[in-house]
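Undergrad: When you get a sec, could you give me coordinates for this:
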Amino acid sequence: MSRDEPQRLYGGEESAAYRLGDLVLRIGPPWRGDEQVEWCHAIALRAAREVPEVLAPVMTRAGTTVLRVDGRPITLWPYAAGEWADEQDPAQCEQAARLLARVHRSLAGFRPGPRPTPSFGDEGVLPDPALDRWLERYRRGRAVQPLHGDYHSGNLLARNGRIIALIDWDEAVLGVPEFELAAAALEFGDDLVRDLAPARAFLAAYRAEGGPAEIAEDEALTQLIRHKLRREAAYFELAARRGAVHTAEQVDYHRARVQAFHDLSL
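TA: Numbers count the residues shown, from 1 in each chain. Okay, the predicted model is just below:
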């Protein structure tokens with residue numbers, strides 16, 4: 001394909017992406033500030049030092065990774081040919097778990113400073129004081145480190161059954177790695193949480209790869225999954241307020257995940 005013929009790439013709720021030969025140009029939303037983008041990119045760049053699947057942004061001559069054009073953040077990334085990872089393929093689920101373990105290991109000692117802008121919260125959505133108290137106790141004394149922040153099959157590219165790339169670091173955050181581990185175990189397990197066995201298999205593969213997080217008890221796994229489901233519901237509402245138009249299928253899935261949140265209540 002000629003570099004003069006940009007190709008719109010599928011996916012991305014908040015950003016548009018175009019392939020330009022061996023590069024991808026991403027156009028972000030106006031409300032995402034340069035400082036936040038650079039902070040998230042610093043985490044991707046650090047992870048890419050040790051994890052070859054992590055795609056890191058291209059640096060400008062000035063040593064930055066973002067330019068602002070017409071009020072929008074513009075970034076360049078390497079292009080990787082592949083398809084979204086398959087959550088139904090047990091081999092790819094195991095690869096995803098092992099990749100997450102390596103990403104967490106690579107970032108465990110990195111200290112990028114506070115996030116310039118807070119990550120979105122879930123306040124006021126699916127209120128559950130008992131869950132709030134449990135999460136507060138669980139966080140206490142646990143190690144905090146940089147996390148990808150949005151680890152799911154749509155941000156993993158695979159080719160010939162092998163995961164080759166981890167993309168989209170826009171939601172990078174500082175947090176307890178067990179939270180991201182449980183969220184990923186949900187995405188690569190039973191997405192409506194009718195059976196915890198696939199999530200447990202994800203945890204086992206993560207630990208086998210030397211991941212620093214550990215979730216030993218089903219109670220902890222269940223509560224952390226409920227936290228993920230609540231944050232997802234909050235993001236669904238936030239996206240709607242920002243103008244996103246959800247399909248009937250997306251609304252039905254949102255309702256099913258909200259019901260799973262309630263069904264898992266201890």
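Undergrad: looking just at contacts, which helices and strands does the helix or strand harbouring residue 226 meet?
TA: Using DSSP states H and E, residue 226 falls within helix 218-241. With contacts defined as 3 or more C-beta pairs under 8 Å, 6 or more residues apart in numbering; DSSP states H and E, helix 218-241 has these neighbours: helix 129-139, helix 177-187, helix 197-208, helix 248-263. Placement of C-beta: from N, CA and C, glycine included.
Undergrad: Quick check: which ranges of the stretch 151-266 of the chain have low pLDDT?
TA: 266 (pLDDT under 70).
Undergrad: Using PDB, write out the CA atom coordinates for stretch 22-34.
TA: Taking C-alpha atoms only, stretch 22-34 is exported to PDB below (Å, rounded to 0.1, in the frame of the first residue of the first chain):
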ATOM      1  CA  ASP A  22       4.500   0.900   8.300                       C
ATOM      2  CA  LEU A  23       3.100   3.400  10.700                       C
ATOM      3  CA  VAL A  24      -0.300   4.100  12.300                       C
ATOM      4  CA  LEU A  25      -1.400   7.700  12.900                       C
ATOM      5  CA  ARG A  26      -3.800   8.100  15.800                       C
ATOM      6  CA  ILE A  27      -6.100  11.100  16.300                       C
ATOM      7  CA  GLY A  28      -7.300  11.500  19.800                       C
ATOM      8  CA  PRO A  29     -10.200  13.400  21.400                       C
ATOM      9  CA  PRO A  30      -9.700  17.100  22.100                       C
ATOM     10  CA  TRP A  31     -10.200  16.700  25.900                       C
ATOM     11  CA  ARG A  32      -7.200  14.400  26.200                       C
ATOM     12  CA  GLY A  33      -4.300  16.700  27.200                       C
ATOM     13  CA  ASP A  34      -0.700  16.400  26.000                       C
END
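Undergrad: Residue 113 is nearest to which of the helices and strands packed on helix 218-241?
TA: Comparison of those against residue 113 by C-beta to C-beta identifies helix 177-187 as nearest, at 18.3 Å.
Undergrad: Touching, residue 150 and residue 168? I think so.
TA: Yes. The pair residue 150 / residue 168 is scored as a contact, 6.3 Å apart, by C-beta atoms under 8 Å.
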